[in-house]
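Trainee: Requesting a structural model of the entry that follows:
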Amino acid sequence: MHLHGYDFHIVGTGFGNFDEEKDPLSYNLVDPPLRNTVTVPVSGWTAMRFKATNPGVWFLHCHLERHLTRGMNTVFIVKNGKYKKERLLPPPPDMPPC
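Mentor: The predicted model follows:
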């Protein structure tokens, strides 16, 4: 899986279905690796953590075409922050309306 617009920490990974009571107990919250791409185990899961401070619409997707066409993708919509560098630029004045 690859996330555009961010790097993320890989805090956990495992095989089978994610168990929300058991699996978080093994998360690495001390020194998790920082990446923008991660391999998800076959029939498994990966938990990642990032701080959403980059405004925009960011694509998370699998790089295998057959997985992408089967829906292994999503988007994160990150809204404006409170500081100038955390805000989207306004649309250009000549941009046609929808």
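Trainee: Could I get the phi/psi values of the nearest residue to Pro33 once chain neighbours are set aside?
Mentor: Spatially, and ignoring its direct neighbours in sequence, Pro33 is nearest to Ile10 (5.2 Å; Cβ to Cβ, 6 or more residues apart in numbering). Every C-beta, even on glycine, is put in place using the N, C-alpha and C of the backbone. Ile10 has phi and psi values of phi -90, psi 110 when expressed as degrees, to the nearest 10.
Trainee: what does Lys84 give?
Mentor: According to degrees, to the nearest 10, Lys84 has phi -60, psi -40.
Trainee: cool, Pro96 as well?
Mentor: phi -70, psi 150.
Trainee: What is the neighbour count of it?
Mentor: 5 (other Cβ atoms under 10 Å).
Trainee: Tell me how far it lies from Asp19.
Mentor: Distance check for Pro96 against Asp19: by Cβ to Cβ, to the nearest Å, it reads 50 Å.
Trainee: just checking, what packs against the worst-scoring helix or strand of the chain on mean pLDDT?
Mentor: When the helices and strands of the chain are scored by mean pLDDT, DSSP states H and E, helix 65-69 comes last with a mean of 81. Judged by 3 or more Cβ pairs under 8 Å, 6 or more residues apart in numbering; DSSP states H and E, helix 65-69 is in contact with no other helix or strand.
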